[in-house]
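>>> sequence? don't have it. structure:
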């Protein structure tokens, strides 16, 4: 359970799950076993999708209390961040099994 594994309070886990559910990133399962399942395939969920569930833009955080020069800087940094993660999916972050080492039977000499 997330509460024990990450040392989070039940309220914190509930808030996290609510945000993920709102974005369609997870779905709640009810019945004999209760819990959550992915709302979409890992190849269909981008890192930007997950970050958007939890993060306001830096400009939203400042509530317009910035100079235009600072606003331009923040917008540029936000754009750079988005470019770095553009198209990156959760599947890209999941470790893949290393290919098996060739055995003497599978090596053919020419």
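That came through fine. Here the structure is a predicted model, which means the values were calculated and not measured. Numbering: from 1, shown residues only.

>>> is it true that residue 47 touches residue 90?
Yes. Taking Cβ atoms under 8 Å as the definition, residue 47 is a contact partner of residue 90 at 7.2 Å. Every C-beta, even on glycine, is put in place using the N, C-alpha and C of the backbone.

>>> shared neighbours, those two?
Taking Cβ atoms under 8 Å, 6 or more residues apart in numbering as the contact rule, residue 47 and residue 90 have no neighbour in common.

>>> Then residue 13 would be within a helix, right?
Yes. Assignment of residue 13 by DSSP: H, G, I helix; E, B strand; the rest coil places it within a helix.

>>> Break this structure into its domains for me.
In the domain annotation for the chain, the residue ranges read 1-39, 41-92 (automatic domain parsing).

>>> rank the ones you listed by pLDDT, which is bottom?
Averaging pLDDT over each of the domains of the chain singles out domain 41-92 as the lowest, with a mean of 82.

>>> Pull out the buried positions in stretch 26-42.
By neighbour count, with 16 or more other Cβ atoms under 10 Å as the criterion, the buried positions of stretch 26-42 are 26, 39.

>>> ok, and what's touching it?
For stretch 26-42, contacts defined as Cβ under 8 Å, 6+ apart pick out 17, 20-21, 23-25, 45, 89-91, 94.

>>> where along this protein do the helices fall?
Secondary structure of the chain (DSSP state H): helices at 2-6, 10-22, 47-54, 58-62, 68-85, 90-93.

>>> rewinding a little: which among the contacts of stretch 26-42 end up buried?
Neighbour-count burial (16+ other Cβ under 10 Å) applied to the contacts of stretch 26-42 gives 17, 20, 23, 25, 45, 89-90.

>>> okay, those in TSV with distance to residue 31 next?
Below are the buried ones among the contacts of stretch 26-42 laid out as TSV (distance: Cβ to Cβ, whole Å):
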residue	distance to residue 31
17	17
20	20
23	23
25	21
45	24
89	29
90	25
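
>>> May I ask which two of these are separated the most?
For the buried ones among the contacts of stretch 26-42, the maximum inter-member distance is 20.5 Å, found between 17 and 89 (Cβ to Cβ).
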